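> Fold the stuff below for me.
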Amino acid sequence: MSDPHPARSSDKEDKRTLLQRVIEFINPGPNSTEELVAAMAEAEDDDIINADTRVLLERVLRMAEMTAGDVMVPTRRMDLLDIDAPIDEQILQVIRTAHSRFPVFQGERDNIIGVLLAKDLLKLSRSPNLKIRTMVRPALFVPESKSLNDLVREFRSARSHMAIVIDEFGRIAGLVTFEDVIEEVFGEIEDEFDEPEEEGDIFGLADRTYRVSGDTPVERVAEAFDVHLQSSDPDEEFDTIGGLIAHEVGRVPYKGEHFDIGGLRFLVLHTKGGAVRWFKVSPVQDGAGADDA
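The predicted structure follows:
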């Protein structure tokens, strides 16, 4: 006579010993992200995983709790193209910002009608008969609350590298790129403007000017150039030269802008992630204004 209650397949597949089951019952697995992070730290201490692996896993866990609003570039810092602007002006914007794709607006900045790739825009310089509107691609719109995990899936399904972020009222809140999300896991992705750490954060150029990283300590810059650098607000102190300049300007400067302080001219060479990455620094020329940025 057959057994009316045959063993469940899960029981047959369970290869754990009785001792293993008792241990797992007494010591259950982590119930929160913080407990899991602590468990990974213990695994590193026990040489089960190395430090790089632990950091990578922690970033993946943290990313699962983040949203598009956490990593977006806010609307005030977005570089946009005006669909009705002259082609020369648009190309100049591409060169100035060095982005590979741009949200395109018509009329008002909040009226984003699509995304234009820089390489497509440059085709117009060779073929003036092309219509720029035919090159504008559909924009991907996502809410601020969209999780980064869901955003990655949407990027893949839409075959897009940029999304326009909207707030709860349907207004443009900012933009987020696939690179922004990837950097939450792997850290900042270096590009041609990034120098190896061992080459330093201040170094000379052929024209006798200097290239200075935006995150260089203010004290280091002051010492290197033998100048006094201080905020216009005596109660404010800043750790980095980029932070000091941004405070004095009242915002993050754009590429190509300059600001004079302490007898030095800081020309913005490159910005990324809402901060200045590199300045070109030179003494203020005689007769130049103290601040005409």
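> I'd assumed A38 was in contact with R54.
No. Contact criterion C-beta atoms under 8 Å: R54 and A38 do not qualify, at 11.0 Å. For every residue, glycine as well, the C-beta is placed using N, CA and C.
> quick one: which of the two has more around it?
R54 (18 against 12; other C-beta atoms under 10 Å).
> All the strands of the protein, in order from the start?
73-74, 81-82, 101-106, 108-117, 140-143, 162-166, 172-177, 202-204, 210-213, 258-261, 264-272, 275-283 (DSSP state E).
> And the helices in the stretch 51-200 of the chain?
Along the stretch 51-200 of the chain, the stretches classed as helices by DSSP state H, counting those that start in this stretch are 51-63, 68-71, 87-97, 118-126, 148-158, 178-186.
> so of these, which one's packed in deepest?
With neighbours defined as mean count of other C-beta atoms under 10 Å, the helices of the stretch 51-200 of the chain peak in mean count at helix 68-71, which reaches a mean of 19.
> What mean pLDDT does it get?
Averaging pLDDT along helix 68-71 gives 88.
> how about low-confidence regions in the chain?
Within the chain, the ranges that satisfy pLDDT under 70 run 1-33, 125, 128, 187-200, 205-206, 272-274, 286-293.
> So which of the strands of the chain is nearest E58?
With C-beta to C-beta as the measure, strand 172-177 is the member of the strands of the chain nearest E58 (21.3 Å).
> mind listing what that closest one pairs with, with the direction of each?
Using DSSP bridges, strand 172-177 pairs in its sheet with strand 73-74 (antiparallel), strand 162-166 (antiparallel).
> for these, which one ends up most surrounded?
Among the strands paired with strand 172-177, strand 162-166 has the highest mean neighbour count (mean count of other C-beta under 10 Å), at a mean of 23.
> V73 and V181: what is the separation?
With distances taken as C-beta to C-beta, to the nearest Å, V73 is found 12 Å from V181.
> Give the intersection of the neighbour lists for these two.
Residues touching both V73 and V181 (C-beta atoms under 8 Å, 6 or more residues apart in numbering): there are none.
> For the nearest residue to G114 once chain neighbours are set aside, give me its contacts.
Nearest residue to G114, sequence neighbours excluded (C-beta to C-beta, 6 or more residues apart in numbering): V136, at 3.8 Å. Contact partners of V136, counting by C-beta under 8 Å, 6+ apart, are 83, 104, 113-116.
> May I see those arranged in TSV, with neighbour count as well?
Converted to TSV, the contacts of V136 look like this (neighbours: other C-beta atoms under 10 Å):
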residue	neighbour count
I83	17
V104	24
I113	15
G114	18
V115	23
L116	23
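> which of those sit farthest apart?
Greatest spacing in the contacts of V136, by C-beta to C-beta: I83 and V115 (11.6 Å).
> Give the intersection of the neighbour lists for these two.
Residues touching both I83 and V115 (C-beta under 8 Å, 6+ apart) are 104, 136.
> And the strands of the chain: which comes nearest E219?
E219 lies closest to strand 202-204 among the strands of the chain, at 12.1 Å (C-beta to C-beta).
> How far away from the center of its chain is the closest one?
Chain-centre distance of strand 202-204: 25 Å, with C-alpha atoms, centre = their mean, to the nearest Å.
> Could you list the paired strands of it along with their orientation?
Strand 202-204 has these strand partners (DSSP bridges): strand 210-213 (antiparallel).
> Among the contacts of V136, which one sits closest to I164?
Of all the contacts of V136, I164 sits closest to V115, with 8.3 Å by C-beta to C-beta.
> List the beta-bridge partners for the closest one.
Bridge pairing for V115 - DSSP bridges - gives P103, R137.
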